[in-house]
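> sharing a sequence plus its predicted fold:
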Amino acid sequence: MALFSIITTCFNASGCIAKTIRSVLSQDYRDFEYIIMDGGSEDGTLEIAGKFTDDFAKAGISYSIFCEKDHGIYEGMNHGIRHAKGRFINLLNADDCLYDANTLSKVASVVSKALAEQENAPGIFYGDAVAIEFGQSYHYVKDLSLIERRMPFSHQSVFAARELLDRFPFREEFRIGADYDFLLSAYRADCTFFDLNLPVCIVTLDGLSSLDLLHTFTETVEIQKDHGIVLYSDKAYARKRRMYVIKQFVMDHFPKWCIHAIRKVQRISRGQNEHC
């Protein structure tokens, strides 16, 4: 059994899938498998992925491409997990990359040491992420102590035990927050989390959770309630929701330069320093 399975779930990603694949192919570590889980692309994504088959074979890395229609990214992730054989699974979206060519070797070193030394073996390993938005890169703030309030770190930086993903599959009724629901389920089941303390990935913030702020907020609150976490009174929730309606209007209708400026102020206030 390989230590890691890296899964990229994609749909019509011809413009970015090669970048993601190359970041995985470049790894100096070999004890992993890489799975492309395509949801029925019609733009040449599969043809691009297929061009790398010989390169992975030469590198000695297991490489598989599957095409199964799905109703969203989380169903696609569940499909990919069913094909995976690794002990720990990382879900690397199309248009995201592993941090550098040494990423998996560094992660493997930390994971192997933790598994050997800790009696209660960690089920979730998580690391640092560099986020790219509007052409600027910065450190994605991670804080496990905030998990009952928001997504604590980038899911692309997570290596989750296969048995946990089998126990808590992604809930496909969620459009944006099923990864948060999974982490919260593992946390409230007393799963051990382990901070890798090293950069794992570079993520592009142009997905639904970054653009659809209103739905992200309402779905996050729904997930928290499902786990018995109530952070807002009815009055406070209504007030907070009105604020997100305004934010969503700005995201949908204001010029990009204005949105860029607002987001930059938000990042500074959160201590999200620019990445050099």
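Done, it's in.
> strand partners (parallel or antiparallel) of the longest strand anywhere in the chain?
Selection of the longest strand in the chain by residue count, based on DSSP state E, yields strand 193-204. Partners of strand 193-204 in the sheet, by DSSP bridges, are strand 97-98 (antiparallel), strand 124-133 (parallel).
> which one of those strands has the lowest average pLDDT?
Out of those, strand 124-133 stands lowest, with a mean of 91 (criterion: mean pLDDT).
> Ile36 should be in a helix, yeah?
No - the assignment for Ile36 (DSSP: H, G, I helix; E, B strand; the rest coil) gives strand, which keeps it out of a helix.
> just to revisit the earlier point, list the contacts of the longest strand of the chain.
Counting contacts by Cβ atoms under 8 Å, 6 or more residues apart in numbering, the residues outside strand 193-204 that touch it are 16, 90, 92-93, 95-100, 103, 106-107, 110-111, 114, 118, 122-133, 137, 140, 142, 144, 154, 156-157, 159, 186-187. Every residue, glycine included, has its C-beta placed from N, CA and C.
> can you map out the strands along this structure?
Chain-ordered strands for the chain, with DSSP E as the definition, fall at 4-10, 32-38, 62-67, 88-91, 97-98, 124-133, 136-140, 158-161, 193-204.
> looking at the ones you listed, which is buried most?
Stretch with highest mean neighbour count among these: strand 88-91 (a mean of 26; mean count of other Cβ atoms under 10 Å).
> so how far is it off the chain centroid?
On the basis of Cα atoms, centre = their mean, to the nearest Å, strand 88-91 sits 10 Å off its chain's mean C-alpha point.
> list the pairing partners of it within its sheet, with orientation.
Strand pairing for strand 88-91, using DSSP bridges, gives strand 4-10 (parallel), strand 158-161 (antiparallel).
> and the last one, C-alpha only, in CSV?
Coordinates of the C-alpha atoms in strand 158-161 are reproduced here as CSV (Å, rounded to 0.1, in the frame of the first residue of the first chain):
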residue,chain,number,x,y,z
VAL,A,158,-4.6,18.0,4.3
PHE,A,159,-3.5,14.4,4.3
ALA,A,160,-6.4,12.4,5.8
ALA,A,161,-6.4,8.8,6.8
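> so for it, mean pLDDT?
Average pLDDT, strand 158-161: 98.
> run through the stretch 151-276 of the chain and note the low-pLDDT ranges.
Judged against pLDDT under 70, the low-scoring parts of the stretch 151-276 of the chain cover residues 206-211, 257-276.
> that one: helices as residue ranges?
Per DSSP state H, counting those that start in this stretch, the stretch 151-276 of the chain has helices spanning 162-167, 178-188, 208-211, 213-226, 234-253, 256-269. These are given in chain order.
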